[in-house]
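Asker: Build me a model:
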Amino acid sequence: MSASSAPGSRITKAVIPAAGLGTRFLPATKATPKEMLPVVDKPAIQYVIEEAVTAGLSDILMITGRNKRPLEDHFDRNYELEEALRRKGDDARLDQVQASSELANIHYVRQGDPRGLGHAVLCAEEHVGEQPFAVLLGDDMMDPRDPLLTRMIDVQQRHGGSVVALMEVDRSQLHLYGCVAAAPNGDDDVVAVSGLVEKPRPADAPSNLAIIGRYVLDPRIFEVLRKTDPGRGGEIQLTDALQALAADPSLGGPVHGVVFRGRRYDTGDRADYLRAIVRLACEREDLGPDFRTWLRSYVQQEMPQGV
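Answerer: You can find the predicted model right below:
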């Protein structure tokens, strides 16, 4: 039986589910994991791990599946490549290559039968143990200048229980997300969550606050997940387990939400993935000046009038 996380329990572990098939990016993801698609010159998953490390999480477990071996290879040492760069005197690229293998202590476990996000989180139980932990979905990329995860950890340290990341969205888009019923909790960006529903119809949604891909969870979520029946799509939904905690905090503490108003990219969506590449490239010191000049020229001169 997992112990409940009291306020102040130290958080050092992150879980990153990465077993999805990436069908929205076919045929690119036929043989390449979607998490390895580059955003400028780093795979999308590296940004997520860097976010976890910046928030103080040094022990990371990836939940993987078949054909995900490139993830392990990327975060492992590549001695042949390193030696080739060393012989060329290419210290800048050598540092970049080595940095990915030195980010954190990264572990891997296979989900096997993919039965939803709740099941993926449940696969982390043995590794996590009895401490609160973070869950970061690889499709969601947060701008490093907007430290959402750090804020969520602060809220969990103060209140205990679990914390979900929320974002205000147009009601017409709520069917794409989980959604919460919530009440103010004193801070401008923190709410007390009393209910959660997965992908509601706009008319049935309790608010316009959508759940996005960051969670800080009480370890007793595992007990609840084991008792959670498959829901939408025949999958074990993390939202359903959090709903149980919100309805009865004695199961694992309260549920709070942090309303995120910063910069977020859904790299699982093709259009948003392209927007992330353009925006990050424009802001790079080494690429930005020339790229912005070209982009401005392209938009002004080469795009058809009125587009």
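Asker: name the helices or strands packed onto the longest helix seen in the chain?
Answerer: Within the chain, and with DSSP state H defining each element, the longest helix by residue count is helix 270-283. Applying 3 or more C-beta pairs under 8 Å, 6 or more residues apart in numbering; DSSP states H and E, we find helix 270-283 packed against strand 38-39, strand 264-266, helix 288-297. Where you see a C-beta, it was placed from the backbone N, CA and C, and this is true even at glycine.
Asker: Go through these and find the least confident stretch.
Answerer: Comparing the helices and strands packed on helix 270-283 by mean pLDDT, the weakest confidence falls on strand 264-266, with a mean of 89.
Asker: and that one, which strands flank it?
Answerer: Based on DSSP bridges, the strands next to strand 264-266 in the sheet, each with its direction, are strand 140-142 (antiparallel).
Asker: right, and the helix or strand after the strand it pairs with?
Answerer: helix 148-159 (DSSP states H and E).
Asker: List the buried residues in that next one.
Answerer: Across helix 148-159, burial judged by 16 or more other C-beta atoms under 10 Å covers 148, 149, 151, 152, 153, 154, 155, 156, 157, 159.
Asker: repeat for stretch 44-61
Answerer: In stretch 44-61, the ones that count as buried by 16+ other C-beta under 10 Å are 44-52, 55, 57, 59-61.
Asker: all strands of the stretch 101-250 of the chain, in order?
Answerer: Listed in chain order, the strands found in the stretch 101-250 of the chain under DSSP state E, counting those that start in this stretch are 105-110, 133-136, 140-142, 162-168, 178-184, 190-198, 209-217.
Asker: Point out where the stretch 201-307 of the chain drops to low pLDDT.
Answerer: Judged by pLDDT under 70, the stretch 201-307 of the chain has its weakly predicted residues at 303-307.
Asker: what do you get if the cut-off is 90, keeping everything else the same?
Answerer: Flagging of the stretch 201-307 of the chain using pLDDT under 90 yields the residue ranges 201-206, 208, 228-235, 237, 249-253, 262-263, 265-269, 299-307.
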